[in-house]
Structures are given as C-alpha cells and as structure tokens.
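Visitor: have a look at this prediction, sequence included:
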Amino acid sequence: MRPSILRAALGATVLAVALPSSAAAFTPGAAGLGDPFFPEQGNGGYDAQRYDVAIDYRAESQTLRGTVIMTARATQDLSSFNLDLRDFSVGRVLVNGVPAGKVKAGQELTITPRSGLRSGRSFVVWIDYGGKVAPVIDPDGSSEGWIPTTDGAYVVGEPQGTPGWMPVNDTPRDKALYAFAITVPKGKTVIANGRLVGKVTLGSKTTWLWKEDRPMASYLATATNGNFRFWKDIGPGGLPIYNAVDTAFSPEQQAAADAVLAKQGDMIAFFASQFGPYPYTSGGAIVDDAAFVGYALESQTKANYSAVPSEGTVAHEIAHQWFGNSVTLDQWPDIWLNEGFATWAQWRWDEHVGGRPTAQERFDALYARPETSSIWNPPVAGLTTPVDLFASSTYQKGAMTLQALRAKIGEADFTALLRAWFAEGSAETVTTADFIALAERISGEELSPFFDVWLFTGGKPVSW
C-alpha cells in the first residue's frame, strides 16, 4: 500500500523529529533476551507500544510486500536497536521520519537512527520489507509462521513464527497493540486479531482492516487468509464473535464446524464466571483446511484450527484467552502455565455441561496409566529442551497438577486462586514461582512438597 493509504487505514502517526544527542551517552539495545530455549528471541532497550502492519500477499507466488510502523518507548539511551525478522529483504527504514542505518544478519535487523534515542522518549520506526515467505520449522519439526495453503496462508506464531511475516520484538514480555491492513485478491478473506474495522476493494484486490485494541504478545498475532465463509455472531454482553470456515470442507464438515462454533458464546460466558471477565473486545475462530499443519493455536481473540475442531478443542483454545493470552508466560520452559491450564479448563467445561468423564474422573483415568506412560515425563516445570515444549506431560500432567491442587486445597480456595491468578497475572508476564507463591497465599498452606512432586520431579507421583 502507498504510505498515504497506510496512514489513513491504520491511523499511524510518523514523527519527523530527530532528537539532539551526544553519541557517547548512548548504547545499543540487547539483541536477545536470553530465554532458555530461544536466547536470541526478543530485543532490549525499548518497549513496543503499537504495530501498524500493512501486507500485500500474493498466494500464487507465495510472496509478500509489507510495511510495518512500530511505535515504541526507549527504556535506555539507545544508539541502535534490533527487531526480529527472518527471510526477507529490507528496504526503506525511517526512525522518527529520518532515514536510518540498517543491517540484516540472520533473524536480527539492527537499526541505527541518525540521532540517539533518549530513555523514556517515544519513537516511531517505519520498515519496508518483502520477499518469498518461508514457514519457520520448530525444534520439534512442526511448522509455524506464514504457512502457505492452496488458497492463502495459515498464519500462526507459537513460539517463534511471527518474524516469519513481520518485523517485531518477538518476546512474550513485550505486549503491544496491533492494527492490520492485509491485501489479498478480491474474493479472498483475511481474518486477523481483534475487531474488523472495514475492508476496501480497489480493482482486483481487497484490503481487510483489523484492529486489536488490547495488548498482545507477538506469538499470538494472525492474519490467516484464503477462501472462507465468514460471518459475525453476537456473544455475551454484545461481544462480536467473528467466524471463518474454509469453503473447501464438505457440507458435512461445514455443518460440524458450525455446530461447535455456535457454542463459543456459552464457553466464554462459563469461563468468565469461573476465572473473571473475558479479557478482549472480540472473539471468534478460523477453521482452515490445512490438515498438513496438524494443530490448533490460540491466536488472540481468534483461534486457528487446521481442521474441523472438536468441542473440547474449542473449549481448550477459548480458555487460552485467559491463560496464555492474557496471563502470559515470561519464558518458554513455563509453557505448562498455558497448556496445563487450558487442558484443565477443557475438563472443567465437560464437567459443567454434564458430560463424562468429570475432571476428577479424567484425573483418575490418567493416573491409572503405568509409570512408562509419556504423560509422566519430562517434568512439567523442568523442561530442558524446546523439543519438549508440546510434550504430553505439558498438557496432561500439567492439568493433573491443577486437579490434584483443587482436591488438596478445596473448591473455594481453588476457585479463588484461579480468579486471582487471572486478575493479578494479566498485568505482567508470569512464572511458575509466581503461581506457587499465590497458591500458598490463597490457601494458607505450605505447598512446596506438593509442587515438587507434581511439577519438578519426573515420573508418576506416589504421594502428595
């Protein structure tokens, strides 16, 4: 899109101000934040406030041209700073409206403004980029990022895929607001995070405008596109729920998708009654015919499903809007705080609607598995390799930890704990140590032995 159209569509403001500085007082921002699994992920020296993202995607050649405007605040006196961006060439780069130096090396895009950026001051970065998209391959062999499909792309980012389609400070610690202007051939649909602001058709192309007005971790961004049947439902309290189902599915598959998506409003209302108010201003689902991807992801406000999902899977992904999306892990080895919680919430939904088994019956059935079962290892909060991020124990033993805690401290304290975890954890990223401390505060009990057995010790717990 031309700069004038981008600014009009996204409401971005580009500052043409260069601050005077003394070069000796400024230092580079960190090129990585030292996550145990992805040490080069994320960047230091600034706090991203907002991303305005304009992309023109050409599915036939699997190429995109993009412009991203990042508004940020310096957290130190910066001589240069980095963003994460993978396999694209970079064109014009402006900082506060002034051309800036740029160096691209691997995933690191290092930007050197003409003048240093003072700590505490806001600044605006304009980046033009483009090239052929390439899915990011994770340590466990799965694909993420901008994954081409026969009619568009399945766009998911956990844990490191978003730099595969846009420059970003790719760390869960730096949440920001996002606005998207995604251009595709006329007749195609784009579903991104937040609320649909509008769409503009010019000639053979349509630009879809979406805006996420609540802070979001970069890995939760999406812009899935293709041939979809698209509609809006109304959920609890007038919440807009946007749904998209791939038109390639059979009539039977379409009907199955519609039936399960119709339950989203009830799920949101139930989880709000258990955990606290729904944290966003929209909801929804994207059901893509992308079975080769093989998984669903809880993209903020709109989960991506690579096939027609079950009711339990939809409950799981909606629960993530509280636990994972709003209450977000600080480092990736703590992923059980996302997946264990969402799995337990899925059990709780089944319990609520009167289905069997109950959460305790699920626990009992899993506990009956032998010590050789994959659900017991690796330790839930003791992951040592990113290959194990999505191990069975992360989900099943993580959920069992919560159910065992529910039985140990009682229903009243457990409910209070989950509500407090959501209310207090949404402000910052969280750790396993934070959860343990809160559980002890709410229950008034010493719980170290319990958590040692369930979280930090491999194998099947015997007593707790």
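Guide: Thanks, I have it.

Visitor: what segments of the stretch 351-464 of the chain are helices?
Guide: Per DSSP state H, counting those that start in this stretch, the stretch 351-464 of the chain has helices spanning 359-367, 392-409, 411-425, 432-443, 448-451. These are given in chain order.

Visitor: same question for the stretch 151-300 of the chain.
Guide: 251-261, 264-275.

Visitor: what's the closest of the ones you listed to V293?
Guide: helix 251-261 (16.3 Å; CB to CB). C-beta coordinates here come from the backbone N, C-alpha and C atoms, glycine included.

Visitor: give me the buried positions along the closest one.
Guide: By neighbour count with 16 or more other CB atoms under 10 Å, helix 251-261 contains the buried residues 253-254, 256-257, 260-261.

Visitor: max pairwise distance over the residues you listed: which two?
Guide: Farthest pair in these, by CB to CB: Q253 and L261, 12.3 Å.

Visitor: who wins for proximity to G152 among the helices of the stretch 351-464 of the chain?
Guide: Per CB to CB, nearest to G152 of the helices of the stretch 351-464 of the chain: helix 392-409, 29.2 Å.

Visitor: and that closest one with helix 359-367, angle?
Guide: If you take axes from the mean of the first three to the mean of the last three CA atoms, to 10 degrees, helix 392-409 sits at 130 degrees to helix 359-367.

Visitor: now helix 392-409: mean pLDDT?
Guide: The average pLDDT within helix 392-409 is 98.

Visitor: which elements pack onto that helix?
Guide: Helix 392-409 sits against helix 336-352, helix 359-367, helix 411-425, helix 432-443, helix 448-451, with contacts defined as 3 or more CB pairs under 8 Å, 6 or more residues apart in numbering; DSSP states H and E.

Visitor: give me the buried positions along it.
Guide: 393-406, 408-409.

Visitor: before we move on, what about stretch 336-345?
Guide: Neighbour-count burial for stretch 336-345, counted by 16+ other CB under 10 Å, picks out 336-345.

Visitor: wait, what's in contact with E60?
Guide: E60 sits next to no residue when contact means CB atoms under 8 Å, 6 or more residues apart in numbering.

Visitor: now do the domain split for this protein, please.
Guide: 3-226, 227-316, 332-456 (automatic domain parsing).

Visitor: ranking these by mean pLDDT, which is last?
Guide: domain 3-226 (a mean of 93).

Visitor: so which of the helices of the stretch 351-464 of the chain is nearest K199?
Guide: Proximity to K199, assessed across the helices of the stretch 351-464 of the chain by CB to CB, is greatest for helix 411-425 (33.8 Å).

Visitor: excluding covalently adjacent residues, which one is nearest to T201?
Guide: K186 (5.8 Å; CB to CB, 6 or more residues apart in numbering).

Visitor: so what's the residue count around A25?
Guide: Counted with other CB atoms under 10 Å, the neighbours of A25 add up to 11.

Visitor: and it, how far is that from V103?
Guide: Computed with CB to CB, to the nearest Å, the distance linking A25 and V103 is 22 Å.

Visitor: then G410?
Guide: For G410, the distance to V103 - CB to CB - is 57 Å.

Visitor: same question, L418
Guide: For L418 relative to V103 (CB to CB), the value is 46 Å.

Visitor: settle it for me: which of those two has more neighbours?
Guide: Using other CB under 10 Å as the criterion, L418 and V103 rank with L418 on top: 25 against 12.

Visitor: separation between that one and D56?
Guide: L418 is 43 Å from D56, by CB to CB.

Visitor: what about the closest residue in space to G29 that isn't next to it in sequence, how many residues close to it?
Guide: Nearest residue to G29 in three dimensions, chain neighbours excluded: G45, at 2.3 Å (CB to CB, 6+ apart). Residues lying near G45 (other CB under 10 Å) number 23.
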